[in-house]
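Novice: Sharing a model that was predicted from the sequence below.
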Amino acid sequence: MNPGPTSSSAHPASLQGVSHYENFPVATVLCPPHLRPAIAAIYWFARTADDIADEGDALPQTRLDDLAAYRADLMATAAGLPPSPRWAEVFGQLGPVIRQFDLPVPLLADLLSAFEQDVVKQRYASQAELLDYCRRSANPVGRLLLHLYGVNDAKSLAQSDCICSALQLINFWQDLGEDIARGRIYLPAVSWAAHGVDEAQLLRLESHQNTLNLIADNARQAGAMMRKGSKLVKKVPGRGGWELRLVVQGGLRILEKIEAQGFDTLRRRPKLGAWDVVVMGWRALWM
């Protein structure tokens, strides 16, 4: 995922768009100014935890211990108690946001649960198991942002979950080669069997018709999930709705790029260029 096991030195306010911590639109020009500090604080919290879980050369138990300490600081901050000095800047910014917006702390804790899982789990047996991971790694992001915008009806939350889970899955299918090289296979094992692919072939990054069909099937499922949630863009007010339109179109455009290269993301990671941004903007206007 991202550099530096505790790289909280890079301040999120300097970042734009969907950046370092995947699926998190960060304080862009389209975001209402009064929400930018809150979004930046949540982002910094998530990014720091992500780095603890995923970067550097710390042993798994050390990562889990650090995440437990980070969780304790979250709970102390939420209770109005001083956190430890270790991540003082992160929680110094997050604390006022929790109080000002009455943030649902369980959603922040769900993110930590997903990061803890990243430390110890590198295979997924089924789509349901993978979506449970997305429920904690991605869906809380959308729900936290909707909370800031005052959108909390059940239908909107369900649509947000579809968008966020789809974004997480699209990120997996975009980064397949990189993740597998690091020992992580997010493709559900049940879908390997359905397409006649085994673990050894994936670990060797073998790109043949069966593996391409496997990736294509999973990519299309992610696209269907994204489109299922896309009507949410009409529920988010003002600038936030326009930003969400671009997020949705960005995910769909990545899927188009994956398809354009024959679904071979084992050997090549698709990227968006300047023209893709123009296409995304045009499509966003017509959503």
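Specialist: Received it, and whenever you're ready, just let me know what you need. Numbers count the residues shown, from 1 in each chain.
Novice: give me phi/psi at residue 185?
Specialist: The phi and psi values for residue 185, taken as degrees, to the nearest 10, are phi -120, psi 110.
Novice: go on, the one 4 residues further on?
Specialist: Backbone geometry at residue 189, expressed as degrees, to the nearest 10, gives phi -60, psi -30.
Novice: Grab the nearest non-local neighbour of it.
Specialist: residue 125 (5.0 Å; CB to CB, 6 or more residues apart in numbering). Glycine gets a C-beta too; all of them are placed from N, C-alpha and C.
Novice: same question, residue 45
Specialist: residue 94 (5.1 Å).
Novice: where's the one you found, which helix or strand?
Specialist: helix 88-101 (DSSP states H and E).
Novice: list the helices and strands that helix packs on?
Specialist: Where contact means 3 or more CB pairs under 8 Å, 6 or more residues apart in numbering; DSSP states H and E, helix 88-101 is packed against helix 36-54, helix 60-78.
Novice: Check what contacts the helix or strand following that helix and list those residues.
Specialist: Sequence order places helix 105-120 as the next helix or strand after helix 88-101, per DSSP H and E. Helix 105-120 has contacts (CB atoms under 8 Å, 6 or more residues apart in numbering) with 1, 42, 45-46, 49-50, 52-54, 60, 63-64, 67, 70-71, 74-75, 78, 98, 133, 135-137, 139-141, 143-144, 147.
Novice: Please pick the buried ones from these.
Specialist: 1, 42, 45-46, 49-50, 52-54, 63-64, 67, 70-71, 74, 78, 98, 133, 135-137, 139-141, 143-144, 147 (16 or more other CB atoms under 10 Å).
Novice: Need the three-state assignment for residue 197.
Specialist: Of the three states, residue 197 takes coil under DSSP: H, G, I helix; E, B strand; the rest coil.
Novice: Residue 265 - that's part of a strand, no?
Specialist: No - Residue 265 is assigned coil when assessed by three-state DSSP, not a strand.
Novice: Quick check: it vs residue 79, distance?
Specialist: 44 Å (CB to CB, to the nearest Å).
Novice: per the record, what domains does the protein have?
Specialist: By the assignment in automatic domain parsing, the chain contains the domains 31-120, 122-287.
Novice: how long is the first one end to end?
Specialist: When you say that, I think you mean domain 31-120. 35 Å (CA to CA, to the nearest Å).
Novice: For burial, what's the neighbour tally of residue 232?
Specialist: 24 (other CB atoms under 10 Å).
Novice: Please name the nearest non-neighbouring residue to it.
Specialist: residue 159 is the one closest to residue 232 (CB to CB, 6+ apart), at 3.8 Å.
Novice: contacting residues for that neighbour?
Specialist: With contacts defined as CB under 8 Å, 6+ apart, the neighbours of residue 159 are 228, 229, 230, 231, 232, 235.
Novice: Dump these into TSV; add distance to residue 278 as well.
Specialist: Listed next are the contacts of residue 159 as TSV, based on distance: CB to CB, whole Å:
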residue	distance to residue 278
228	26
229	24
230	20
231	24
232	24
235	26
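Novice: Out of these, list just those in helices.
Specialist: Among the contacts of residue 159, the residues falling in helices (DSSP state H) are 228, 229.
Novice: Just the buried residues from the contacts of residue 159, in ChimeraX please.
Specialist: In ChimeraX, a selection of the buried entries from these looks like this (16+ other CB under 10 Å):
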select :229,230,232,235
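Novice: I'd like the contacts of residue 159 written out as TSV, with pLDDT and distance to residue 129 added.
Specialist: Supplementary listing: the contacts of residue 159 in TSV, determined by pLDDT from 0 to 100; distance: CB to CB, whole Å:
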residue	pLDDT	distance to residue 129
228	97	20
229	96	21
230	95	25
231	94	27
232	96	25
235	91	30
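Novice: Could you identify the longest helix within this structure?
Specialist: helix 238-260.
Novice: what's the following helix or strand after it?
Specialist: Next along the chain from helix 238-260, counting by DSSP H and E, comes helix 274-285.
Novice: Now do that following helix: everything it contacts.
Specialist: Under the criterion CB under 8 Å, 6+ apart, residues 242, 245, 246, 248, 249, 250, 252, 253, 257, 272 lie in contact with helix 274-285.
Novice: wait, what's in contact with the last one?
Specialist: Neighbour list for residue 272: 250, 253, 254, 257, 280 [criterion: CB under 8 Å, 6+ apart].
Novice: Any figure for the gap between it and residue 160?
Specialist: 23 Å.
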